[in-house]
Every structure is written in structure tokens, then in C-alpha cells.
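**Student:** Structure of the sequence below:
(chains A and B)
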There are 2 protein chains.
Amino acid sequence: MPSLSVPPPKCLQKPLVVPHRHMFGPGPSNVPPRILEAGANPVIGHMHPEIFEIMSDIKSGIQYMFQTQNKMTLAVSGTGHTAMECAIFNTVEPGDSVLAAVNGIWGSAKVNTIVAPPGGYLTNTDIEKALSKHRPALFFLAHGESSTGVLHPLDGIGQLCHKYNCLFLVDSVASIGGTPLYMDQQEMDILYTGSQKVLNAPPGTAPISFSERACQKVFNRRTKPVSFFLDLNWLANYWGCDDKPTRVYHHTGPVTAFYSLRESLAVLAEEGLENSWERHETVAEYFHAGLESMGLKLFVKEKVTRLPTVTTIVAPYGYDWKEITSYIMKTHNLEISGGLGPSVGLVLRVGLMGCNSSKANVDMVLAALRDALKHCHRSKV
Amino acid sequence: MPSLSVPPPKCLQKPLVVPHRHMFGPGPSNVPPRILEAGANPVIGHMHPEIFEIMSDIKSGIQYMFQTQNKMTLAVSGTGHTAMECAIFNTVEPGDSVLAAVNGIWGSAKVNTIVAPPGGYLTNTDIEKALSKHRPALFFLAHGESSTGVLHPLDGIGQLCHKYNCLFLVDSVASIGGTPLYMDQQEMDILYTGSQKVLNAPPGTAPISFSERACQKVFNRRTKPVSFFLDLNWLANYWGCDDKPTRVYHHTGPVTAFYSLRESLAVLAEEGLENSWERHETVAEYFHAGLESMGLKLFVKEKVTRLPTVTTIVAPYGYDWKEITSYIMKTHNLEISGGLGPSVGLVLRVGLMGCNSSKANVDMVLAALRDALKHCHRSKV
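**Tutor:** Numbering: from 1, shown residues only, chains lettered A, B, ... in the order given. Alright, predicted model coming up:
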């Protein structure tokens, strides 16, 4: 046996130290002890009857959160990105045309985009024009656009898509649970989210649901999806969403992440969706009023299209936004963030999601912001 | 606002209950309290400096476990399957030829296979013949074939692959940490494993490493990989494996799963790789002797090719293997499993991996087996 050429690393001799921190950025958000502890339960098998029961609970919880009766409802073993790829890989075949209302990564499909101005949204007239022009197989829309703080209206878009024989795919990672959404009534075909926002579970699982219409396309495709790991035929069987009598080994589900996800859905069901929506809205209004009374400006002008979960604040004039977020992290142990993509340099972003959405937390953020504006450098202009 | 059409599910009103269980199947294995507790630390941001330090510790720990100096070493946010897809998606382009020593799922590449008899393995002569005939871009081999209990010899194969200008991809999900493996000295180009076997972390993260030669192919490909989520360009940046000065948001890393993975690598470094290899070998020999003294037969005839982590036992003659595994689960709260794929019906499989590999656990399994053979039905033959 040859000798080891790589010695045991010294850095692993130090104990793991993880700081407590107020997670008020666009996500992940704080995870309450109840949900963290659920995830510390012992590992059981990914094919044991007990995990199938937990997965069944998760499925019911997602159906409730999504307001859907879709049989094809499950959680992908990954993040929101994985869920997006699951949606695309299964529904889009090479040559299919896709229409996206935001930027995305779309494999070998032909992608057209319609772009809303930063802080704005698309009207149903804009959308119908684009559907009629491009005749896509799939239309993608982010409900809660956390980079700009826009809550995109959803009413009528599913119906428009179906008029043009197109599937309606919605990303609700940053919005669902914090604002009304009705998958079935609003005729969405695929809807996904992540575990780490309003649900307050650790990142690593991603609820997703497919309508009957989406399943028709998925299960009648001519080619196999490129990913075995995300192939809905296999996932459907693992999650007990097909009609087969037995489940076949596909991948080793992240069982402890399933425990946390189940617990986070139980917390949501206990509070009730409508109460959660109302709490997020009330807290957001209180927050927005507080910001404006400090002289700060909201990036999204139209009140009804402000995301109640992630607030974008116009970057205070004369300041370096990075100095503000760093100061608040250092002095208040509190995360808020700058912009992302089109909003870099333009905004500060504050997320108050799930258990973090409270007036006490708003007061904490406002105090931190006041303190930062007092102590950070201001250019003389 | 319309009213809710899906009420809160009753099943989520019940508390989450997870049984304690001896996880002696082919995986996942038991997770010790220290590693479970690490995963219950508070969530921090996926781009915070503290998580980058934890990821850097993980990288060092993987380099140690893999015995490699490869800069391109990281953990994929997913299971072993995800790591396999990461390897394939990044290295194989449409039209490339792949040679696989076992069955796999290979996208649009042209796949040839060389098949070893169940319980057997391929000689280097077999492999060279196939390499010379098919001239593949990539050769795939499972080091620990947990379905048959075979530990495949590795010496010389990397060198053969390189003689034929082919990359050597190794799946060590069921073996690494429990038996000698030297990524650099044995000239492997891509090596991956899962968190849930010898490492005793929960399933959900998958260590992977790429040699300089593999990186040459990955970063000079003509086409983009089909998956954005698994694109090594992005993953390398997120894990600080490239030379770029800043890290760009790619996906929300499963931070609590990173905590557990880091802790599991610390446990391995504390024991020392060679001690871990020796312990698994000693315990496996003790186990195999105990099985044979009960009159049971080992499925893998050749001693040196028996996997020390997962043992395959010839299904006892005259019994229904399902009755045995069910009886042991019910009576002893202990998981052992039947075969998988080619070994279904032929074997029982017992995994003793990481902290589960001890003589006390062997005694427990042997007692359970003796008890099962006494109480399960035996056909009169």
C-alpha cells in the first residue's frame, strides 16, 4: 500500500463555528429552532415506509401552499434552480420555442424574451402580443422578482397561455406563502419554489407541481429528458404520484431535508395561508411607511406590484451601498443586500419572509438603516 | 380575493415522528449525533465569508479523503447521482463516445459497455481491449459496486485510459473511506462519492474532484453543458476553485448540509484514512468469518475483491429473502436489504460503513440473521 501523499488538513481540527445572524436579505431566511431540530432527527432509509409517509405529508402541504389539486406534486432534491431545470428539461424538447419574461438559462430551446423595465411589469396585452408572435410551447414568468422587488400580477395570464396552446411556468421562489397565489384557479401549469424563503426551511429542497396539461406534454414527448436525476417519470414514481403499485429506487432522497421541509409546511398550515398573506402584507406596509418617513424611496412605484416579502429601496443618494450593507452586517449582525443583475448599484434589498416578517424585525431594520446613514460616508453633493 | 379551494391538510397536524433504526443496508448509514447536530446550526448566507471558509474546509477534507491535490475539488449540492451527471454533463459532448463498465444513464452520448459477470470484475486486459476497440472519450467504472458487493481493482486502469487518450471516471460512492484509493497516484480524472455512506452525513451533498486533464476537456469544449445548475464553470467559481477574484451568485448552497459534510470530513481526518481503511477491513473479515461459520455463503468468491463496506450474502436456500429482511426490520429494528438490479433475488446485502463498522454491530447483525433463519419459513426441499 503506498503512503498518503495528502495529510489530514489542519483546518478540520478546529471546531465548526457558525454565527447567529439576522437573515433579512432576499434569502435564505432564518430557520426557527423547531424546523432546525426536525432536520436533526435520525436518518432513515430513502425507501422506508416512514419516509414515504413524510413525503406524502409534504405533498399535501405543497398542494395546500400552491392551492392545487395536482396529483403530480412533489419536492425536487435540490434548490429552486434545480426545480427550474426540472421544469424545463421535462417539458421542452429540442426545437421547442420558449418565451421568457425574465432572463434565464434555457438549454437548446429557442428562447425569446419580453423585457419589462426595471421595477415595472408586463401587462396582459404585452404578453398576448408576444404569445401570438412567438407561439411558444412554454411561457416563463417570475411571480416574485426578488432582484427588483416586483410582484408580477398573475390574473388572466394562464388563460392567455392556454388560448395560444402554451404551458404557463411560474417561479414563485420569493413570493409564495407571503402573497396570494392560486395555482389551479390561475391556470398555472408548472409552479415551483424553494424551501429557504417564506417556508423558513434550510435551502436544499424545492416544491414543484405539474398540471394535467403539463403532464400530457411531459409524458408524450418524443425524446428523453437529458437528465436522469430530474426525469419526471422517475421522480413521479419516487413520490408516489404515478399509478404504479411499487416504487423503484431512483436516487437517495435527502431525508433530513425532507423532515425540515415537512415541518415548515406544518408551520404554514397551522398559521393558515390567508393569515400568512395578511401578516406579510401588513408588515410590508408598516415597513414601507417607515422607510418613506425616513426619507428613503421605494424602487417599485406602483403599490400593488410591491413584493411583500422582498423590499427594494432606492440606493440612498451619495452613499456607497456596499458600505451600508457591510456596516449593518458588522454593527448589527444583520444581513440586508444590494441589487442583483439589472438592479446592482440601484437598490438595497431587505427580505422579511416567513417567521422574519414581524413589526419588531421591521423596527430593527429601520434602526440599523438610520444608524448606517448616520455613520457611513456621504459624498458632498 | 377568491377563497381557498384546498384546506390545510390534517396530516400535518400530527407531530413529525422519526424512528431510530440500525441502518445496516447499502446506505444511507447512521449519522452520529455530532454530525446531526452540526447540521442543526443556524442558517447563514450562501455567500457569507463564514460559509466560504466552511466550504474551503470541505475542499481540504475531500482532497484528503480522495488523496488528491486537484484544485478543482468541491461538493455538488445533490446526491451521488447528481455528481455523476455533473461529471458527464461537463466532460461529454454530443457525439463523444463513452465506455461504461456498468449500466448508467448517458444522455446523448454514444455508450458502449463491457459487462463483468455478477460478482466478478474486469481485468486490465479486458479493459485495454475495449479501450482500443471503442476509443472512448471517457471510461466509467464503479469502484465499489454495492449491488454485487464487488470491490473493483483500480491499479493500472488510469494509466491505460491515458494511453488511449481517454478520461477515467470513477464512482466511489460505496467504497471511499473504507478501502484504499489514491486519486492522483492511480491517475483518476474524475472521482465522486456521496455524503451518506462511509462519511455518515445525511444524504444531499456529493464530493467530486477533477484532474487537470479533465479540466482541459471541460474548459475547452465547443458546446455549453445542458445544465446550468451543474456547469463546472459556475460551480468552480462558487467553490473558489478558479482564479477569479470574486464569487458570483450561482445557486443557494444547502448551507446546513455543508455543515454536516464538513463535520463528517473532520471525523474522518481525526481517525485518519489508514486507520479507517484498516478498521473496515478488520470488521469485514470478522463479519465474513461469522457468516461462513453460520453456513452462509459469500456472493463474491475472490477475497480481495470483496467490498469491506457492503457485504453480499448468497440468499439462503429455501427462504424468501423478503421475509428475512422484513423479519429483521420488524424484530430487530435493523435494516439489511435484498439485491439491486442484476443481484435481485440472489443476495442479501449488509452495509457497515463509517461509524457503523464495528465488531459489536457485526455481532448484532449475525444474531439477527440467526434469529431470522430460525423463524422465517423454509420450503421443504
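**Student:** what sits up against stretch A:117-133?
**Tutor:** Here stretch A:117-133 makes contact (CB atoms under 8 Å, 6 or more residues apart in numbering or on different chains) with A:99, A:101, A:112, A:114, A:116, A:139, A:148-150, A:152-153, A:156-157, A:160-161, A:163-164, A:166, A:299-301, A:305, A:312, A:342-343, A:346. C-beta: built from backbone N, CA, C; applies to glycine.
**Student:** I meant to write stretch A:326-333 there.
**Tutor:** A:19-22, A:334-336, A:364, A:367-369, A:371-372, A:375-376.
**Student:** For it, give the mean pLDDT please.
**Tutor:** Stretch A:326-333 shows a mean pLDDT of 97.
**Student:** how distant is that stretch from the center of its chain?
**Tutor:** 25 Å (CA atoms, centre = their mean, to the nearest Å).
**Student:** hmm, which of the contacts of stretch A:326-333 are the buried ones?
**Tutor:** A:21-22, A:334-336, A:364, A:368-369, A:372, A:376 (16 or more other CB atoms under 10 Å in any protein chain shown).
**Student:** Can you measure across stretch A:40-57, start residue to end residue?
**Tutor:** Its start and end residues considered, stretch A:40-57 measures 18 Å (CA to CA, to the nearest Å).
**Student:** Which positions in the lowest-mean-pLDDT helix or strand in chain A come out as buried?
**Tutor:** Using mean pLDDT, DSSP states H and E, strand A:110-113 stands out as the lowest-scoring helix or strand of chain A, at a mean of 84. In terms of neighbour count (16+ other CB under 10 Å), strand A:110-113 has its buried residues at residue A:111.
**Student:** before we move on, back to that, now for the buried ones among the contacts of stretch A:326-333: which two are most distant?
**Tutor:** Greatest spatial distance among these (CB to CB): A:21 and A:376, at 19.9 Å.
**Student:** Using CSV, lay out the buried ones among the contacts of stretch A:326-333 together with secondary structure and distance to chain B.
**Tutor:** Listed next are the buried ones among the contacts of stretch A:326-333 as CSV, based on DSSP: H, G, I helix; E, B strand; the rest coil; distance: CB to the nearest CB, whole Å:
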residue, secondary structure, distance to chain B
A:21, coil, 6
A:22, strand, 10
A:334, strand, 11
A:335, strand, 6
A:336, coil, 11
A:364, helix, 17
A:368, helix, 16
A:369, helix, 19
A:372, helix, 18
A:376, coil, 20
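**Student:** so which of those comes closest to residue A:89?
**Tutor:** Distances from residue A:89 to these, taken by CB to CB, are shortest for residue A:335, at 32.5 Å.
**Student:** Share the number of residues neighbouring residue A:224, please.
**Tutor:** 14 (other CB atoms under 10 Å in any protein chain shown).
**Student:** Please report the distance of it from residue A:199.
**Tutor:** 32 Å (CB to CB, to the nearest Å).
**Student:** just residue A:16 next, same as before
**Tutor:** To residue A:199, residue A:16 is 25 Å away according to CB to CB.
**Student:** The two: who's more crowded?
**Tutor:** Ranked by neighbour count (other CB under 10 Å), residue A:16 and residue A:199 place residue A:199 first, with 29 against 17.
**Student:** Confirm for me that that one is in contact with residue A:263.
**Tutor:** No: the pair residue A:199 / residue A:263 is not scored as a contact, 9.5 Å apart, by CB atoms under 8 Å.
**Student:** before we move on, back to that, moving C-terminal of the least confident helix or strand of chain A, what's the next helix or strand?
**Tutor:** Using DSSP states H and E, the helix or strand that directly follows strand A:110-113 along the chain is helix A:124-134.
**Student:** Dump that next one to CSV, restricted to CA.
**Tutor:** Written as CSV, here are the backbone C-alpha positions of helix A:124-134 (Å, rounded to 0.1, in the frame of the first residue of the first chain):
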residue,chain,number,x,y,z
ASN,A,124,-51.6,41.1,-20.3
THR,A,125,-51.7,43.0,-23.6
ASP,A,126,-47.9,42.8,-23.8
ILE,A,127,-48.0,39.2,-23.0
GLU,A,128,-50.7,38.3,-25.5
LYS,A,129,-48.9,40.1,-28.3
ALA,A,130,-45.7,38.1,-27.6
LEU,A,131,-47.6,34.8,-27.3
SER,A,132,-49.3,35.5,-30.6
LYS,A,133,-46.0,36.5,-32.3
HIS,A,134,-43.7,33.7,-31.0
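**Student:** what's the following helix or strand after it?
**Tutor:** For helix A:124-134, the following helix or strand on the C-terminal side (DSSP H and E) is strand A:138-142.
**Student:** tell me the mean pLDDT for that next one?
**Tutor:** 95.
**Student:** wait, does it contact chain B?
**Tutor:** No: taking CB under 8 Å from any CB of the partner chain as the criterion, strand A:138-142 and chain B are apart, separated by no less than 13.8 Å.
**Student:** so how far is that strand off the chain centroid?
**Tutor:** Taking CA atoms, centre = their mean, one finds strand A:138-142 lying 14 Å from the centre of the chain it belongs to.
**Student:** can you pull the contacts of residue A:141?
**Tutor:** Contacts of residue A:141 (CB under 8 Å, 6+ apart): A:101-102, A:152, A:154, A:157, A:168-171.
**Student:** now, among those residues, which is nearest to chain B?
**Tutor:** The closest of those to chain B turns out to be residue A:154 (CB to the nearest CB; 12.0 Å).
**Student:** what about that closest one, how many neighbours?
**Tutor:** The local packing of residue A:154 (other CB under 10 Å) involves 22 other residues.
**Student:** Give me the nearest residue to it, chain neighbours excluded.
**Tutor:** Closest residue in space to residue A:154, ignoring its immediate chain neighbours: residue A:186 at 5.1 Å, by CB to CB, 6 or more residues apart in numbering or on different chains.
**Student:** Quick one: neighbours of the one you found, just the number.
**Tutor:** Neighbours of residue A:186 under the rule other CB under 10 Å: 21.
**Student:** now swap in residue A:165 and tell me
**Tutor:** Residue A:165, neighbours per other CB under 10 Å, totals 11.
**Student:** Please identify which helix or strand holds residue A:371.
**Tutor:** Applying DSSP H and E, one finds residue A:371 within helix A:359-375.
**Student:** quick one: low-confidence parts of the stretch 251-381 of chain A?
**Tutor:** A:380-381 (pLDDT under 70).
**Student:** So which other helices or strands are in contact with the least confident helix or strand of chain A?
**Tutor:** Applying 3 or more CB pairs under 8 Å, 6 or more residues apart in numbering or on different chains; DSSP states H and E, we find strand A:110-113 packed against strand A:97-100.
**Student:** Which positions in the stretch 101-250 of chain A make contact with chain B?
**Tutor:** Going by CB under 8 Å from any CB, the residues of the stretch 101-250 of chain A near chain B are A:105, A:107-108, A:180, A:182, A:184-185, A:194, A:196, A:202-204, A:226-229, A:249-250.
**Student:** Please pick the buried ones from these.
**Tutor:** For those, a burial check counting by 16+ other CB under 10 Å picks out A:105, A:107, A:180, A:182, A:184-185, A:194, A:196, A:202-204, A:226-229, A:250.
**Student:** Name the residues that touch the helix holding residue A:371?
**Tutor:** Applying CB under 8 Å, 6+ apart, the external contacts of helix A:359-375 come out as A:22, A:24, A:283, A:286-287, A:290-291, A:294, A:296, A:316, A:319, A:324, A:327-328, A:331-332, A:334, A:336, A:350, A:352.
**Student:** Pull the contacting residues for the residue sitting nearest the centre point of chain A.
**Tutor:** Centroid-nearest residue in chain A, with CA atoms, centre = their mean: residue A:173, separated by 1.5 Å. Counting by CB under 8 Å, 6+ apart, residue A:173 touches A:27, A:80, A:142, A:144, A:146, A:192-194, A:197.
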